[in-house]
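Visitor: here are the coordinates; sequence isn't available:
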């Protein structure tokens, strides 16, 4: 897994949003992560796997503020179904939304809960819990659309890294 990175990823000027080339061990598209990023001088990624290797945390910190936090959990068997209506209440402006990959997602302006099933490789399922905060966030539909663009880039890329085939 990632281990504690704590590495300086970018040293951008105050005039530009600092967008790292990678997050959570995968390349990111600037147009997916950029809208969530504030103008910054220092971008650091922290995170790593759990002792049992069934979960991973990736945290993007911009000028000492946690901007994106992705928690990825592998699940062999779904012991209980997710209450998607209750999950939607966990995020601002959230609703169950269609995504471009096979999976179920509740996406709001401050985060998302996404569940995917692996067709091949990896465990049977992964659950992604995402939190976004900081000056790059935006309330309402526009904010939820920003988070959705990031989800559409992040989830399939991490699934591929974890050898979870979605197709």
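Guide: Received the coordinates, thanks. What you see is a predicted model; the values in this text were computed from it and never measured. Numbering: from 1, shown residues only.
Visitor: pLDDT on stretch 107-127, on average?
Guide: Mean pLDDT, computed over stretch 107-127, is 88.
Visitor: ugh, typo on my part, it should be stretch 22-31
Guide: The model assigns stretch 22-31 a mean pLDDT of 93.
Visitor: how distant is it from the center of its chain?
Guide: Chain-centre distance of stretch 22-31: 10 Å, with CA atoms, centre = their mean, to the nearest Å.
Visitor: Pull out the buried positions in it.
Guide: Under the neighbour-count criterion of 16 or more other CB atoms under 10 Å, stretch 22-31 has 23-26, 28 buried. Any C-beta I mention is one placed from the backbone N, CA and C, and that applies to glycine too.
Visitor: got a list of contacts for it?
Guide: Identification of contacts with stretch 22-31 by CB atoms under 8 Å, 6 or more residues apart in numbering yields 2, 19-21, 33, 45, 47, 56, 58, 60, 68, 70, 72, 149, 153-154, 157-158, 160-161.
Visitor: could you redo the last one with a cut-off of 7 Å?
Guide: Residues from elsewhere that reach stretch 22-31, judged by CB atoms under 7 Å, 6 or more residues apart in numbering: 2, 19-21, 33, 45, 58, 60, 70, 153-154, 157-158, 161.
Visitor: Out of the residues you listed, which is nearest to residue 125?
Guide: residue 158 (13.5 Å; CB to CB).
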